[in-house]
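Engineer: my questions concern the predicted model and sequence given below.
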Amino acid sequence: MRIAIFTDTYDPDINGVARTLKHFIHYLDNQNISYKVFAPDSISKEYASSHVRRIKSLSFFLYPECRLAFPNLSRIKSELEEFSPDIIHVATPFNMGLCGVYLAKKLTIPLVGSYHTDFDQYLQFYDLQFFSKILWKYMNWFHKPFKKLFVPSNETLSQLKCHGFTNLEVWPGGVDCQLFHPFYEKQAIREEWGISKKYLLTFVGRLAPEKDVKTLLAVANALPAEINEQVQWFVIGDGPQREELQLEAPASMTFTGYLTGGQLAEIYSASDLFIFPSPTETFGNVVIEALASGIPAITADSGGVKNINKAGMTGFLCETGNVTEFVNAILKLLENESLRMQMGIEGRNYALTQSWDKIFAHLLMNYRAVIEEPKKQKYA
């Protein structure tokens, strides 16, 4: 099987799409499956690879961490014909995605795609709700040619069905349980990072309106004084609201910037709770990483996170933006160590069932079905 992937975000970008594709490429390498990725260029040149075709791009003003590519269609068409893929997978609905859809039609190559981001939910956090109808029209038009559209959760599948999408298939995210686990040397980590308080509460994500980080700040400020004295917060990530948040944050809140790999895994492991108020997730990669690390998650009862965080088993689900519910959930778990430990065990056990290998093997099975479909129709 030869696979061409078109995406508007890719490693070393730090977001769910880029990280999922990075895991997928690693899997394809291990399986000796041929692939070629067409993606925007990166500021970092150390990520150059013969399997990745970087396209000239500019930073996207609404989302500076992502880039807007300007593909040369004739050049990419020639490269694609030379590579001769059996299937094209489009991961994003912007310039590179449009390029992939166009060339799949032009060269009659089977086309599939994946839906990772709930852009409609994002609109309300930027006061752009009036774009909603236009957005859904575009998304329907863009995804209509796909033989299969892979979505990260049942929640997203139901939402897209309501908007008239077809050929939907659930393709959840996975987690690397060898990297994310509860068995790091916690005392050494606490000493390294200067964590002196009894409890460490952690958030991981982009510091932007769609993650509802304002609720995170409100929760931190609403904890009772006697608990606040025992709590240290780690806010891991970056984004347009970081400076504003740092000005308003309590002294107990540390902003680390982006962390990845072993550094991130160690902080998860040393944490007591994972707090994640974002209501816009189609899946929630950081939530399953936290569960794999053996810590309970307190999350918004919204989006794909609902399919990962099992209420009362691996953590608690709170009404979006409801500061009181988040505070009560935190207090309940900080005051009940045995419940906290039991939820950590349940979260770890669940994460162990969600290996990337299993998830990607299922994806390739779906690829094969799409590739074989024209042959079956021909001989029907």
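Structural biologist: Happy to help now that I have it. Residues are numbered from 1 along each chain as shown.
Engineer: buried set for stretch 335-350?
Structural biologist: Buried residues in stretch 335-350, counted by 16 or more other Cβ atoms under 10 Å: 340, 343-344, 346-348, 350. No exception for glycine: its C-beta is placed from N, CA and C like everyone else's.
Engineer: so can I have CSV of the residues you listed showing distance to Phe326?
Structural biologist: Output for the buried residues of stretch 335-350, formatted as CSV (distance: Cβ to Cβ, whole Å):
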residue, distance to Phe326
Arg340, 16
Met343, 16
Gly344, 19
Glu346, 20
Gly347, 18
Arg348, 23
Tyr350, 22
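Engineer: which of those sits closest to Phe203?
Structural biologist: Gly347 (16.5 Å; Cβ to Cβ).
Engineer: ok, that closest one touching Ala290?
Structural biologist: Yes. With contacts counted by Cβ atoms under 8 Å, Gly347 reaches Ala290, the gap being 7.3 Å.
Engineer: now do the shared contacts for those two.
Structural biologist: Ala297 (Cβ atoms under 8 Å, 6 or more residues apart in numbering).
Engineer: domain ranges for this protein, per the record?
Structural biologist: Here the domain parsing of the chain from automatic domain parsing is 2-174+355-378, 186-352.
Engineer: out of those, which comes closest to Phe180?
Structural biologist: Judged by Cβ to Cβ, the one of these that comes nearest to Phe180 is domain 186-352, at 3.9 Å.
Engineer: roughly how far is the closest one from the heart of the chain?
Structural biologist: With Cα atoms, centre = their mean, to the nearest Å as the basis, domain 186-352 stands 16 Å off its chain's centre.
Engineer: and it, average pLDDT?
Structural biologist: For domain 186-352, mean pLDDT is 96.
Engineer: how about stretch 358-375?
Structural biologist: On average, stretch 358-375 scores 92.
Engineer: what comes up buried for the longest helix that the chain contains?
Structural biologist: The residue-count maximum for a helix in the chain (DSSP state H) belongs to helix 356-378. Neighbour counts using 16+ other Cβ under 10 Å place 356, 359-360, 363-364, 366-367, 370-371 of helix 356-378 among the buried residues.
Engineer: other residues contacting it?
Structural biologist: Contacts for helix 356-378 (Cβ under 8 Å, 6+ apart): 1, 3, 23-24, 27-28, 33, 86-87, 89, 110, 112, 147-148, 150, 169, 171-176.
Engineer: which of these fall in helices?
Structural biologist: Using DSSP H, the contacts of helix 356-378 in helices are 23-24, 27-28.
Engineer: turn those into a markdown table, including distance to Trp141.
Structural biologist: A markdown table is the format used below for the ones in helices among the contacts of helix 356-378 (distance: Cβ to Cβ, whole Å):
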| residue | distance to Trp141 |
| --- | --- |
| His23 | 30 |
| Phe24 | 26 |
| Tyr27 | 31 |
| Leu28 | 30 |
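Engineer: nearest to Leu259, of those residues?
Structural biologist: Closest to Leu259 out of the ones in helices among the contacts of helix 356-378 is His23 (17.6 Å), distances taken as Cβ to Cβ.
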